[in-house]
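>>> quick one: sequence plus predicted model below, questions after.
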Amino acid sequence: MSIDITFCGATQTVTGSCYAITTSSSRFLIDCGLFQGSKTLKELNYKPFPFHPRDIDFVLLTHAHIDHSGLLPRLIKEGFKGPIYTSAGTVDLCSFMLPDSGHIQEMEVQSLNRRNQRMGRKNVDPIYTAQDAIRTLDQFKAIDLNHWFNPSHDIRVRLWNAGHILGSASLELEIAQDDKPLRLMFSGDIGSDELLLEKRADAAQGFDYVICESTYGATIRTKTSQEQRRAHLAHIIHDAKAKGGALLIPAFAVERTQELLTDLTTLAAEGAIEHVPIFLDSPLAIKVTDVFSKHASDLLSDKAFDQAVHSDLVHICESVEESRNIEKVHGFHIIISASGMCDAGRIRHHLRHWLWSPKATVLLVGYQAQGTLGRILRDGAQSVRIFGDEIKVHATIKELDDYSGHADQEQLTSWIQARAPVTGALFLTHGEDQTMALFAKSLQSSGFDKPIITPEMDDHYQLNATTFKQIDATSSKRLSNTQLGYHDWHNDFSKLLLDMRDALDKKADDKSRATLIRSLRRALEQ
């Protein structure tokens, strides 16, 4: 007897985590995340699920990040009636993060529909609303870490600390078979060993199959102590202050924001940086920080975190008016605002206000997925489009990987080795294709001698204790592999508009510009 698993997201890309699993008597999901990045990927959030929501018995959720939880309200909206099992910390985080996600989608759709009306296009509906998300919370069930529970009669599950964010968990599954249970381990997202607030990841060992994330599977970071990390941050702050403008930090509302606040206030208290105003401009991050305070006993460095929360340097900006008033601040100041990939939220308004200025500094402290504004800035774009406006990039763009919430190649390798023996195969997900290829090669070089599979979107496998096989699902794939995780035509079109403007600006006179425009028109007519 075998079980079926379909990889419905986070394949050859880092968002949209979702696995659909079918046993002899149960059908359930692990994660149900929102796709982020290029518009081609985001369009998957509107397309039909590759399963029927009404047929799903329950969901196991690894953690609260929207790329793992963000389609749960839509799942329920389309008929899912079962429980969502996860840790208590994740329940508390999702109680704010999912309604916030719904609110963002409502606001973005309102803005889009205003543009559609002006262009004579049809209106669109949000994937779900804040109210849909609030209704989703009724189906959450909090589960203690390190204790077995039975979501159905043929399955038992145990949650292990994944060390990624508050409440994050890896999932150990035992699924009843004819002779002995099939043992599976789903990593979720594994945290870096150097995180300030989270304890190190841990889990059991001895599995038939391990499904592991690989976000930083090709990256080997220089080992950095907390003191060294703060020193790196202080150096960037000194350089940014010397320029005279603002320091913008796009930060994920969960964990990165809380770590940054702790380090910034610690540096100021130690005299390593001057006392400068720090604006926390993210309603979600403010609420999440309250959740961290509630779970302070589960955190490392809880005293330093508590001091940061109550620091006079930190200015909370909850309302839109408070956010807009930041633009009136003179002199050097620090703005921490979501989203971490610059793809939504208030950070885009601050970027539009500051990117053109050589006095400003933008500090990227988290993973930037392909197709996101953060990735485009990181890759050196000279111009970008924000809210339809062309913005020249004269600000200094910095990157500090010390705050990454993900394990690097060495830490992921150690985590996988600690799960040994693995008798069946290892599946790598939640990574870009080149990253997974390099990580697989590194694992093989380190002595891992079982098959390493990098599934594609909607790939379907049958697993049992001794063998596995892939079932042809070509006809049901929502996207081909070449469409995942890369710049799509929307990105190319935006860049073309910017390049055309640059080319016209460089022409010596109107006659030369008219000649170029005629050439472009002839190209369009071919």
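Here it is on my side, so go on.
>>> contacts only, for the residue minimising distance to the centre of the chain.
The residue lying closest to the centre of the chain (Cα atoms, centre = their mean) is D67, at 5.3 Å. D67 makes contact with 10, 14-17, 33-36 under the criterion Cβ atoms under 8 Å, 6 or more residues apart in numbering. All C-beta spots, glycine's among them, are computed from the backbone N, C-alpha and C.
>>> low pLDDT regions in the stretch 351-500 of the chain?
473-475, 480-498 (pLDDT under 70).
>>> got the CA positions of stretch 162-174 in CSV?
Listed next in CSV are the C-alpha coordinates belonging to stretch 162-174 (Å, rounded to 0.1, in the frame of the first residue of the first chain):
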residue,chain,number,x,y,z
ALA,A,162,12.2,24.4,13.4
GLY,A,163,14.0,27.5,14.9
HIS,A,164,12.8,29.8,12.0
ILE,A,165,10.3,32.1,13.6
LEU,A,166,8.1,32.1,16.7
GLY,A,167,6.0,28.9,16.5
SER,A,168,7.7,27.4,13.5
ALA,A,169,7.7,23.6,13.4
SER,A,170,9.0,20.7,11.4
LEU,A,171,6.4,17.8,11.1
GLU,A,172,7.1,14.2,11.8
LEU,A,173,4.4,11.9,10.3
GLU,A,174,3.7,8.2,10.8
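>>> buried sites along that stretch?
Of the residues in stretch 162-174, 162-174 count as buried by neighbour count, 16 or more other Cβ atoms under 10 Å.
>>> make a markdown table out of these and add secondary structure, distance to C94 and pLDDT.
Putting the buried residues of stretch 162-174 into a markdown table (DSSP: H, G, I helix; E, B strand; the rest coil; distance: Cβ to Cβ, whole Å; pLDDT from 0 to 100) gives the following:
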| residue | secondary structure | distance to C94 | pLDDT |
| --- | --- | --- | --- |
| A162 | coil | 16 | 97 |
| G163 | coil | 19 | 94 |
| H164 | coil | 15 | 94 |
| I165 | coil | 12 | 93 |
| L166 | coil | 11 | 93 |
| G167 | coil | 9 | 95 |
| S168 | coil | 12 | 97 |
| A169 | strand | 13 | 98 |
| S170 | strand | 18 | 98 |
| L171 | strand | 16 | 98 |
| E172 | strand | 21 | 98 |
| L173 | strand | 21 | 98 |
| E174 | strand | 26 | 97 |
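>>> closest to R118 out of those?
Checking the buried residues of stretch 162-174 against R118 by Cβ to Cβ gives I165 as the nearest, at 40.2 Å.
>>> residues in contact with the residue nearest to that closest one when sequence neighbours are not counted?
Nearest residue to I165, sequence neighbours excluded (Cβ to Cβ, 6 or more residues apart in numbering): E255, at 4.3 Å. By Cβ under 8 Å, 6+ apart, the contact set of E255 is 164-166, 195, 197-198, 405.
>>> can you redo those as CSV with distance to D312?
Putting these into CSV (distance: Cβ to Cβ, whole Å) gives the following:
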residue, distance to D312
H164, 31
I165, 27
L166, 25
L195, 26
L197, 22
E198, 27
G405, 28
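>>> which single one of those is nearest to Q110?
I165 (29.8 Å).
>>> for A201, see how far away the closest one is.
12 Å (Cβ to Cβ, to the nearest Å).
>>> can you check D100 too?
26 Å.
>>> quick one: which of these two has more around it?
A201 (27 against 21; other Cβ atoms under 10 Å).
>>> where along the stretch 101-250 of the chain do the helices fall?
For the stretch 101-250 of the chain, the helices defined by DSSP state H, counting those that start in this stretch occupy 130-136, 226-243.
>>> mean pLDDT, distance to I347 and mean neighbour count added to these, as a markdown table?
A markdown table is the format used below for the helices of the stretch 101-250 of the chain (pLDDT from 0 to 100; distance: least, Cβ to Cβ, whole Å; neighbours: other Cβ atoms under 10 Å):
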| stretch | mean pLDDT | distance to I347 | mean neighbour count |
| --- | --- | --- | --- |
| helix 130-136 | 96 | 20 | 19 |
| helix 226-243 | 94 | 16 | 17 |
